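[1] predicted structure and sequence below. I'll ask about it afterward.
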Amino acid sequence: MKKLLKVRLIIMAHPDDPELACGGTIARWTEKEQVYYIIVSSGEKGTRNKNDSLFDVVKKREEEAKKAARFLGVKKVIFLRHPDGEIERIKTLKLEIAALIRHIKPHTIVTHDPWRRQFHPDHRSTAWTVLDAIMIARDWHFYPFLLEIGLLPYRAKKLLLTPTDKPNFINDISSTFKKKIKAIKIHKSQLAQLPGWEMRIKERTKRDGELSGFEFGEGFYQMSI
């Protein structure tokens, strides 16, 4: 009997978030498993140039996201295209994500850590929404119409939150750290707005790695679903 591949689902707020948060882990997973992205916002406000067209920013950022995903071996990137900076007010989002969880049937779900001190409200809002969506996806009595269209309840095995202040699971990315950096560099439109990003990434992954005796690591807070 052919062994089924594990499916990993990365749900993040913006196009560059997966690579910044856990690109090394994604690179390891795609060696033997399937990885999908759900990107909630295309990040049209991610520019400091007042003359930039928001349409051009979206086009560029989505192109970068797809290119970085291909480089890492990701199977598919799903863009939900909700307004950048306004994710908190999207009332349909938890249902959209729940439906996609039932459809994709991931073993593992990865999203932002909503308890971590962080600046961008979209990260917090995405994380809280994913937690709600996981409950909707796993239980029978939420949104009965989902059953009518063949989306039966589905419970993922693991939830990983990252970046986190309190990692309880460290993934060894010593062999994929350089690939993570190369993937981040594909997001050229954003790097000028992230001074010192490479040094900060290296410091964080070395710090996380040291917790488990690895050269480089990515830390997660793992929760049961």
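    The structure has been received and is ready for your questions. Treat the numbers as computed from the prediction; the structure is a model and nothing was measured. Numbering: from 1, shown residues only.
[2] buried residues in the lowest-mean-pLDDT helix or strand in the chain?
    In the chain, no helix or strand scores lower on mean pLDDT, DSSP states H and E than helix 188-191, which sits at a mean of 93. Across helix 188-191, burial judged by 16 or more other CB atoms under 10 Å covers S189, Q190. C-beta here means a position set from N, CA and C on the backbone, and glycine is covered the same way.
[3] buried residues, the helix or strand just after it. List them.
    Downstream of helix 188-191, the next assigned helix or strand under DSSP states H and E is helix 197-210. Of all the residues in helix 197-210, those buried under the rule 16+ other CB under 10 Å are W197, I201, R204, T205, D208, G209.
[4] the third one reaches P163, doesn't it?
    Yes. The pair R204 and P163 qualifies as a contact (CB atoms under 8 Å) at a distance of 7.1 Å.
[5] so where do the helices sit in this protein?
    For the chain, the helices defined by DSSP state H cover 17-29, 54-72, 93-104, 121-138, 145-148, 177-185, 188-191, 197-210.
[6] from the middle of its chain, how far away would the second one be?
    Which is helix 54-72. Chain-centre distance of helix 54-72: 15 Å, with CA atoms, centre = their mean, to the nearest Å.
[7] looking at the helices of the chain, spot the one closest to F220.
    Closest to F220 of the helices of the chain is helix 17-29 (CB to CB; 7.6 Å).
[8] got the angle between the closest one and helix 121-138?
    Comparing the axes of helix 17-29 and helix 121-138 via axes from the mean of the first three to the mean of the last three CA atoms, to 10 degrees yields an angle of 50 degrees.
[9] contacts for helix 17-29?
    Where contact means CB atoms under 8 Å, 6 or more residues apart in numbering, the residues beyond helix 17-29 that reach it are 6, 8, 10, 12, 35, 37, 39, 68-69, 72-74, 110, 112, 123, 160, 162-163, 171-173, 175-177, 179-181, 183-184, 186-187, 197, 201, 205, 216, 218, 220.
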